[in-house]
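> Here is a sequence with its predicted model. Questions after.
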Amino acid sequence: MASKANKLPIEIPADLIELRVISVPMAAQIADISEWSMYDLIKRGAGPAIVRLCGRKIGIRVKDLKTWIAQPRA
């Protein structure tokens, strides 16, 4: 039986990392705003695009967060 310590790490292609879904609290931290502000922006339609994971659980794709952060604000 091979040990897990002997396995080499798998490199994930950059385009797949962009598709990774992160939590709203993590997205808020990356965007340097409060969780409350991020949820409020999402509710008002002014936040990044969301992904509905199941029921009420939502997440944000890394690429959508990057796009949203790069947009100029009024």
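Looks like it came in fine. Residues are numbered from 1 along each chain as shown.

> which stretches of the protein have low pLDDT?
1-6 (pLDDT under 70).

> can you give me the strands in it?
Counting by DSSP state E, residue ranges of the strands within the chain are 21-23, 51-54, 57-61.

> For the second one, which strands pair with it and how are they oriented?
Sheet neighbours of strand 51-54, with direction, are listed as strand 57-61 (antiparallel) (DSSP bridges).

> Which residues does the strand it pairs with contact?
Residues from elsewhere that reach strand 57-61 (Cβ atoms under 8 Å, 6 or more residues apart in numbering): 18-24, 27, 42, 48-53. In short, each C-beta sits where N, CA and C put it, glycine included.

> could you redo the last one with a cut-off of 7 Å?
19, 21, 22, 23, 24, 27, 48, 50, 51, 52, 53 (Cβ atoms under 7 Å, 6 or more residues apart in numbering).

> can you tell me which residues contact the fourth one?
The neighbours of residue 23, taking Cβ under 7 Å, 6+ apart as the test, are residue 59.
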